[in-house]
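*Asks:* got a predicted structure plus its sequence, pasted below:
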Amino acid sequence: MTDPATASVPAASRPSRPLAKISLKWSMIEEGSLSILEKFQLVRDLGFDGVELDSPNDLPSREVLDARDRTGVAIPGLVNAMHWKSPLTDGDPAVRQACVDSMITALDDAKLYGADTVLLVPGVVRNSPTSYKTAYTRALEEIAKITPHAEETGVSIALENVWNDFLLSPLEAAGFVDACNHPKVGWYFDVGNVLRYGRPVDWIEALGHRILKIDVKEYSLDKMNTEGPWKGFEVEIGDGDCDWPAVNRALADVGYSGWASVEVPGGDRHRLAAIKERVDRISTLI
């Protein structure tokens, strides 16, 4: 029986540009002398549609909201800033609770900003005494504590694939979302993060409509093999081993058309403009 979450949509309904709206991470804007409003104006002038913030952050909310409203630059999502330091799968209940509390705060912040997702790393096995099986159970238990607040705020929990040695296959990732058994839990698919050990198109096919947002970065298998795994990320968007036409086609097949957030080393306005040009280029390949 076909899984409706992964079934291909009819050709007439497939979006022509799955990566329809482009955002970047706030930390990528390295123009330290600019005010919050001026940074939002820069983002707008460079042609980005939105910017994602961390939560918690030290930005005055009134200034952020004023800048959003005056520039028209959206805040589509937030990134939980505690999930590595205090993972949901830690052996200490107090550490797990700290992550749950941080997600409650992030969901509230997201509602305030008008965002509809909070990115969450669901657990960490890498360099941890926590076993894979235990991490799986704990992650489900802790996410279940957060979903009532996600429902209350109307903001979704978007789980991301990262190098955490946890949820390593696309089928397992899809199954984990389903095991959460809540409409406000989905996936934030990072294209570049899977190239080390898989194909993005396989993840897209498996996750299907569970995908809430896309993170855009590049990866070079040649640099990985010759210089080490982390060096694989040191390549510009479009110059690595991501088959962007295939990614766009796969996203179109599952009916995705929405936000793509760039997550690469940032810089000044010239660097950000160059990044935007590259993202525009790969987003039209299909």
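*Replies:* Received it, and whenever you're ready, just let me know what you need.

*Asks:* the strands in the stretch 101-250 of the chain, which residues?
*Replies:* 117-120, 156-160, 185-190, 211-216 (DSSP state E, counting those that start in this stretch).

*Asks:* may I see those organised as TSV, with mean neighbour count and distance to L34 added?
*Replies:* All C-beta spots, glycine's among them, are computed from the backbone N, C-alpha and C. TSV is the format used below for the strands of the stretch 101-250 of the chain (neighbours: other C-beta atoms under 10 Å; distance: least, C-beta to C-beta, whole Å):
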stretch	mean neighbour count	distance to L34
strand 117-120	26	25
strand 156-160	25	28
strand 185-190	25	27
strand 211-216	24	24
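
*Asks:* any idea which of the ones you listed gets closest to L53?
*Replies:* Nearest to L53 among these is strand 117-120; the distance by C-beta to C-beta comes to 10.5 Å.

*Asks:* listing partners with orientation, what would you give for that closest one?
*Replies:* Paired with strand 117-120 in the same sheet, following DSSP bridges, are strand 77-80 (parallel), strand 156-160 (parallel).

*Asks:* what pairs with the host helix or strand of L24, parallel or antiparallel?
*Replies:* Using DSSP states H and E, L24 maps to strand 19-25. When sheet partners are counted by DSSP bridges, strand 19-25 sits next to strand 50-55 (parallel), strand 258-262 (parallel).

*Asks:* got JSON lines for the strands paired with strand 117-120, with mean pLDDT and distance to C180 too?
*Replies:* What follows is the strands paired with strand 117-120, written out as JSON lines (pLDDT from 0 to 100; distance: least, C-beta to C-beta, whole Å):
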{"stretch": "strand 77-80", "mean pLDDT": "98", "distance to C180": "16"}
{"stretch": "strand 156-160", "mean pLDDT": "98", "distance to C180": "8"}
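
*Asks:* so which of these is nearest S283?
*Replies:* Here strand 77-80 is closest among the strands paired with strand 117-120 (C-beta to C-beta), at 17.8 Å.
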